[in-house]
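Chemist: Quick one: sequence and predicted model below, then my questions.
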Amino acid sequence: MPNINTLSPQLANQIAAGEVVERPASVLKELVENSLDAGATRIDIEVEQGGSKRLMVRDNGCGIKHDDMPLALSRHATSKISDIDDLEAVATLGFRGEALASIASVSRLTLTSNNGESQGWRAVSEGRDMDVDVQPAAHPEGTSVEVRDLFFNTPARRKFLRTENTEYNRIDDHAKKLALSHMQVAFSLRHNQRVNLNLLPAETVQEKEKRVADICGRPFMEQALYIDNQSSGIRLWGWIGLPTFSRSQTDLQHFFVNGRSIKDKVVSHAVRQAYQDVLYHGRHPAFVLFLEIEPKDVDVNVHPTKHEVRFRDGRMIHGFVGGTLKKALAEDRPQDHLQSNDTAVANHSLSEEPIPQQSSMGLAPSSYSFGAQSVAPKSGAINTPMQAYQSLYGSDDSEGSDTIPPLGFAIAQLKGIYILAENEQGMIVVDMHAAHERITYEKMKTDFDNEGLISQPLLVPESLSVSQREADAVEQNPEVFSRLGFTVERAAMENIVVREIPALLRGTQVEALLRDVISDILEHGTSARIREQINEILSTMACHGSVRANRKLTIPEMDALLRDMEATERSGQCNHGRPTYFQLSLDELDKLFLRGR
């Protein structure tokens with residue numbers, strides 16, 4: 001065994017660099033975070049050869065004083081914290097005081113800064129353990145950090161770098177995340193002398209939406225909901241993609257806590273629960289969300305690169321995030337996306353062609369139930385969609401009877417599968433089975449919630465062997481299991497007894513389900529598995545109880561379905577995440593037929 005020796009400062013810096021400097025993108029992240037902490041309102045980034053040859057970050061924030069220049073490149077030196085109280089309520093992005101020293105130990109670094117003095121100052125380091133020489137230099141107020149030949153003195157680390165395009169793509173991804181997290185700051189990014197990103201400051205909601213569209217793509221913004229909820233000193237705002245705008249991977253999920261991009265299990269679980277009722281299995285939602293919370297209620301010092309955080313009250317955050325998203329998705333209606341278009345109405349008046357009372361297949365109208373209402377055609381001729389609507393929902397004299405509903409009026413049924421309707425914007429195509437499935441499902445969930453979970457005693461109580469930690473969770477959370485319809489008691493140090501289960505889940509594998517519930521409680525402080533199982537059963541029942549393909553509907557029946565869609569939560573998607581309708585505007589129809597050319 002060799003003797004124990006104190007490491008040299010240079011080697012210690014290079015070891016520290018292994019924690020925070022994995023690749024050029026890591027350098028960019030540390031430098032830009034320093035610029036943001038300095039109060040910069042504009043940050044310019046220049047990259048050559050994917051950052052391995054040269055990477056420079058220039059800002060207009062408060063610069064570094066002349067006397068502090070040598071300290072800026074030394075370890076454990078920072079202006080952001082001074083005592084333990086600061087560490088327990090970190091309000092900056094960086095704070096450890098290791099980034100510049102670590103980067104300087106594995107590159108040729110030039111630091112130039114001006115703190116509003118008559119001249120700036122420059123400090124140079126070339127990966128060697130040496131005193132920093134500070135020289136005068138011309139520089140406007142702010143700081144520039146140039147990093148050349150990354151890992152030139154650690155060839156083993158350099159071998160792990162990928163191709164130029166791969167490394168630049170990672171830089172681009174980090175730059176966009178930072179631009180999203182601080183929209184009030186202007187950003188520019190050049191790669192090999194080519195401008196790839198140029199973002200103006202965004203202050204208003206419209207400007208912020210433009211920045212999100214520039215970074216995440218316009219299709220995302222066109223199918224996103226804006227949310228803003230505040231409670232108990234916590235605020236969650238941002239944009240969530242509609243369930244129909246789902247992804248095959250989690251590449252469009254951005255979550256920020258106090259301006260810091262993070263990935264957190266509690267948040268991810270809350271988002272999955274909010275979307276679980278409206279997404280295909282294996283699909284992932286898209287979102288750009290910002291959580292603002294008191295710095296003392298979140299610990300950001302749990303990961304070297306600060307990609308993870310720990311919340312003081314994870315259960316509250318889980319409930320707040322999940323509840324906010326679930327409510328926003330539930331309140332989304334077709335009419336929120338089908339705004340009135342007066343110009344289109346002026347240029348293309350609604351057709352007044354007579355519509356026969358019988359369906360297109362010649363079947364007589366009949367009573368049929370949709371959602372909570374039963375629709376029976378009234379006597380008298382029905383010649384127009386407006387008259388069909390009035391015959392069901394009011395007379396000609398009723399106030400507002402000439403208002404066209406968002407989903408319009410049914411005009412025909414196609415192949416016994418789709419409903420064709422006319423609204424102010426053009427044509428609506430509705431998948432009648434998918435739409436009625438969602439309507440039935442939501443009604444069943446509401447009825448079930450009103451009646452509550454009915455428990456059913458087991459003829460023979462079931463005994464389960466568990467770990468002591470799992471048994472403790474059962475004993476400490478009796479109200480959670482009671483609310484889920486279970487009666488579970490601790491029988492021994494590593495044994496529990498199940499006496500009652502939800503009546504709707506009889507015949508299921510109780511042991512496997514209960515173990516999953518306990519696992520969720522240990523991990524997240526709560527569980528939604530029981531409700532997911534019940535919702536799955538209700539969804540199956542709704543699917544079998546909905547109108548099937550090739551069922552010929554009358555005009556009044558189709559109109560009743562459209563009205564129910566407008567009043568039903570989440571009616572834009574069926575229980576499996578498929579869209580229930582599509583809008584074809586008059587402009588889109590004109591393009592199909594080359595009108596106006």
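Modeler: Ah, there it is.

Chemist: what's the burial count for the closest residue to residue 151 other than its chain neighbours?
Modeler: Spatial nearest neighbour of residue 151, chain neighbours left out: residue 158 (3.9 Å); criterion: CB to CB, 6 or more residues apart in numbering. Just so you know, the C-beta spots here come from the backbone N, C-alpha and C atoms, and that holds for glycine as well. Using other CB atoms under 10 Å, residue 158 is surrounded by 14 other residues.

Chemist: Quick check, residue 158 in contact with residue 152.
Modeler: Yes - the pair residue 158 / residue 152 is scored as a contact, 7.4 Å apart, by CB atoms under 8 Å.

Chemist: surely residue 466 meets residue 492?
Modeler: No - applying CB under 8 Å as the test, residue 466 and residue 492 come out as separate, 9.8 Å apart.

Chemist: Buried residues of stretch 254-264, list them for me.
Modeler: 254, 255, 256, 257, 258, 259, 260, 261, 262, 264 (16 or more other CB atoms under 10 Å).

Chemist: Stretch 566-574 too?
Modeler: 568, 569, 570, 571, 572, 573, 574.

Chemist: And it, end to end?
Modeler: 14 Å (CA to CA, to the nearest Å).

Chemist: in the stretch 301-450 of the chain, which spans are helices?
Modeler: 314-331, 342-347, 385-393, 432-451 (DSSP state H, counting those that start in this stretch).

Chemist: need the contact list for residue 162.
Modeler: Neighbour list for residue 162: residue 23 [criterion: CB atoms under 8 Å, 6 or more residues apart in numbering].

Chemist: Tell me how far it lies from residue 517.
Modeler: 43 Å (CB to CB, to the nearest Å).

Chemist: out of the helices of the stretch 301-450 of the chain, nearest to residue 172?
Modeler: Closest of these to residue 172 is helix 314-331, at 27.8 Å (criterion: CB to CB).

Chemist: Mind listing what's buried along the closest one?
Modeler: By 16+ other CB under 10 Å, the buried positions in helix 314-331 come out as 314, 316-318, 320-326, 328-329.

Chemist: how about the residues you listed in JSON lines, adding pLDDT and distance to residue 77?
Modeler: JSON lines is the format used below for the buried residues of helix 314-331 (pLDDT from 0 to 100; distance: CB to CB, whole Å):
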{"residue": "314", "pLDDT": "89", "distance to residue 77": "33"}
{"residue": "316", "pLDDT": "92", "distance to residue 77": "36"}
{"residue": "317", "pLDDT": "94", "distance to residue 77": "33"}
{"residue": "318", "pLDDT": "92", "distance to residue 77": "38"}
{"residue": "320", "pLDDT": "96", "distance to residue 77": "38"}
{"residue": "321", "pLDDT": "96", "distance to residue 77": "37"}
{"residue": "322", "pLDDT": "94", "distance to residue 77": "41"}
{"residue": "323", "pLDDT": "94", "distance to residue 77": "43"}
{"residue": "324", "pLDDT": "96", "distance to residue 77": "41"}
{"residue": "325", "pLDDT": "96", "distance to residue 77": "42"}
{"residue": "326", "pLDDT": "92", "distance to residue 77": "46"}
{"residue": "328", "pLDDT": "93", "distance to residue 77": "45"}
{"residue": "329", "pLDDT": "91", "distance to residue 77": "48"}
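
Chemist: Could you give the number of residues near residue 76?
Modeler: Counted with other CB under 10 Å, the neighbours of residue 76 add up to 10.

Chemist: Using the three-state scheme, assign it.
Modeler: coil (DSSP: H, G, I helix; E, B strand; the rest coil).

Chemist: Check this structure for its longest strand and report it.
Modeler: Longest strand of the chain, by residue count under DSSP state E: strand 455-465.

Chemist: quick revisit: quick one: closest of the helices of the stretch 301-450 of the chain to residue 425.
Modeler: Closest among the helices of the stretch 301-450 of the chain, using CB to CB: helix 342-347, at 5.8 Å.

Chemist: Run a quick neighbour tally on residue 475.
Modeler: When neighbours are counted by other CB under 10 Å, residue 475 comes out with 12.

Chemist: returning to that earlier point: contact partners for the residue nearest to residue 151?
Modeler: By CB under 8 Å, 6+ apart, residue 158 lies in contact with 52, 150, 151, 152.

Chemist: Buried ones among the residues you listed?
Modeler: Judged by 16+ other CB under 10 Å, buried ones among the contacts of residue 158: 52, 150, 151.

Chemist: Would you format those as TSV with secondary structure, pLDDT and distance to residue 298 included?
Modeler: Formatted as TSV, the buried ones among the contacts of residue 158 follow (DSSP: H, G, I helix; E, B strand; the rest coil; pLDDT from 0 to 100; distance: CB to CB, whole Å):
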residue	secondary structure	pLDDT	distance to residue 298
52	coil	94	34
150	coil	94	32
151	coil	92	33
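
Chemist: And the helices in the stretch 151-300 of the chain?
Modeler: Going by DSSP H, counting those that start in this stretch, the stretch 151-300 of the chain shows helices at 155-158, 164-181, 205-216, 218-222, 265-275.

Chemist: can I get the CA coordinates of the third one in PDB?
Modeler: Looking back up the chat, that one is helix 205-216. What follows is helix 205-216, C-alpha atoms only, in PDB (Å, rounded to 0.1, in the frame of the first residue of the first chain):
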ATOM      1  CA  VAL A 205     -46.800  36.500 -22.800                       C
ATOM      2  CA  GLN A 206     -46.900  36.900 -26.600                       C
ATOM      3  CA  GLU A 207     -43.100  37.400 -26.800                       C
ATOM      4  CA  LYS A 208     -42.500  34.400 -24.500                       C
ATOM      5  CA  GLU A 209     -44.800  32.300 -26.700                       C
ATOM      6  CA  LYS A 210     -42.700  33.300 -29.700                       C
ATOM      7  CA  ARG A 211     -39.500  32.300 -27.900                       C
ATOM      8  CA  VAL A 212     -41.000  28.900 -27.000                       C
ATOM      9  CA  ALA A 213     -42.100  28.400 -30.600                       C
ATOM     10  CA  ASP A 214     -38.600  29.300 -31.900                       C
ATOM     11  CA  ILE A 215     -37.000  26.800 -29.600                       C
ATOM     12  CA  CYS A 216     -39.600  24.000 -29.300                       C
END
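
Chemist: ok and it relative to helix 164-181, angle-wise?
Modeler: Per axes from the mean of the first three to the mean of the last three CA atoms, to 10 degrees, the angle that helix 205-216 makes with helix 164-181 is 160 degrees.

Chemist: So which bits of helix 205-216 are buried?
Modeler: 208, 210, 211, 212, 213, 214, 215, 216.

Chemist: Tell me the one of those nearest residue 426?
Modeler: residue 213 (24.3 Å).

Chemist: residues contacting residue 267?
Modeler: 255, 291, 317, 318, 321.

Chemist: The same query, at a cut-off of 10 Å, please.
Modeler: Applying CB atoms under 10 Å, 6 or more residues apart in numbering to residue 267 gives the contacts 253, 255, 257, 289, 291, 309, 311, 314, 317, 318, 321, 322.

Chemist: one step back: give the intersection of the neighbour lists for residue 158 and residue 152.
Modeler: When contacts are counted by CB under 10 Å, 6+ apart, residue 158 and residue 152 are jointly contacted by 52, 106.
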